[in-house]
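Novice: Quick one, what's the 3D model for this:
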Amino acid sequence: MATKKAAAKKTATKPLKIHEVVKYPDPILAVRGEEVTVFDAELKQFVDEMFDSMYAAHGIGLAAPQISVSKRIAVVDVSFKKNAKDKVVLINPEIVEREGKLLEEEGCLSLPDIREKVSRAAKVKVRAQDVTGEWFEIEGEELFSRALQHEIDHLDGILFIDRISRLKRELVLRKIKKLQKNGEW
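Specialist: Model (predicted):
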């Protein structure tokens, strides 16, 4: 019996932490994340915390820089917990193919209550690593394609407002400044 308890202690993980999502204009959002080179239990736990943090913030995608970690890690679940196979972990991702165009409204956890139409590829193929370091490719269309592109942009220090017209971007920035001035941001 004692050996079972000892074994349970060795395999027990730390409780998951919900990380706070940083808001624009936090400087970490404008920096390219560092490549991940160590694939261990700590990384696995961090990825689990990313999913829990994303769900707590009611998002369908989250990049590590959005929770103040400058690493090339993103998680996506366009089903929002409805389908376990829709949970995707992207480590060191890169878009290897783009096809078509789609103009749709987009939002971001780091820019709450800001939504604008953004032009993105309708279909993408992404090459990335999983939590064990294995490389894989995944294709996405429509919302999934948009989520993949949005999160990879975060890993490159790009926000969706960087992809809209200068005029619309200026209007968004004015709105944010007003919210900041009123203590609402």
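Novice: show me where the chain has helices.
Specialist: 2-11, 41-56, 142-155, 166-181 (DSSP state H).
Novice: Can you list the helices and strands that the last one packs against?
Specialist: Taking 3 or more Cβ pairs under 8 Å, 6 or more residues apart in numbering; DSSP states H and E as the contact definition, the neighbouring helices and strands of helix 166-181 are strand 111-120. Quick note: C-beta positions are derived from backbone N, CA and C, even for glycine.
Novice: can you check the third one too?
Specialist: Under the contact criterion of 3+ Cβ pairs under 8 Å, 6+ apart, the helices and strands touching helix 142-155 comprise strand 61-63, strand 73-76, strand 88-99, strand 102-108, strand 111-120, strand 123-129, strand 135-141.
Novice: Can you list the low-confidence ranges for this protein?
Specialist: Along the chain, the parts satisfying pLDDT under 70 run over 1-14.
Novice: ok, 80 please
Specialist: The model of the chain has pLDDT under 80 over residues 1-15.
Novice: about what we covered before: quick one: closest of the helices of the chain to Gln129.
Specialist: helix 41-56 (10.3 Å; Cβ to Cβ).
Novice: Contacts for the closest one next, please.
Specialist: With Cβ atoms under 8 Å, 6 or more residues apart in numbering as the test, helix 41-56 has contacts from 13-14, 16-21, 36, 60-62, 64, 67, 69, 73, 75, 77, 80-81, 87, 89, 91, 109, 131.
Novice: Whichever of the residues you listed count as buried, I'd like them selected in ChimeraX; how would that read?
Specialist: Buried residues among the contacts of helix 41-56 (16 or more other Cβ atoms under 10 Å), as a ChimeraX selection:
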select :19,21,36,60,61,62,64,67,69,73,75,77,89,91,109,131
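Novice: Quick check, Leu62 in contact with Val75.
Specialist: Yes: at 5.4 Å, Leu62 counts as touching Val75 under the criterion of Cβ atoms under 8 Å.
Novice: Residues in contact with both of those two, list them for me.
Specialist: Shared contacts of Leu62 and Val75 (Cβ under 8 Å, 6+ apart): 50-51, 54, 151.
Novice: can I assume Pro112 is in contact with Lys23?
Specialist: Yes: counting by Cβ under 8 Å, Pro112 does reach Lys23; the two are 7.0 Å apart.
Novice: Neighbour count for the two, which is higher?
Specialist: Higher neighbour count among Pro112 and Lys23: Lys23, with 17 against 14, using other Cβ atoms under 10 Å.
Novice: State the distance from Ser119 to Val78.
Specialist: 19 Å (Cβ to Cβ, to the nearest Å).
Novice: Settle it for me: which of the two has more neighbours?
Specialist: Higher neighbour count among Ser119 and Val78: Val78, with 19 against 12, using other Cβ under 10 Å.
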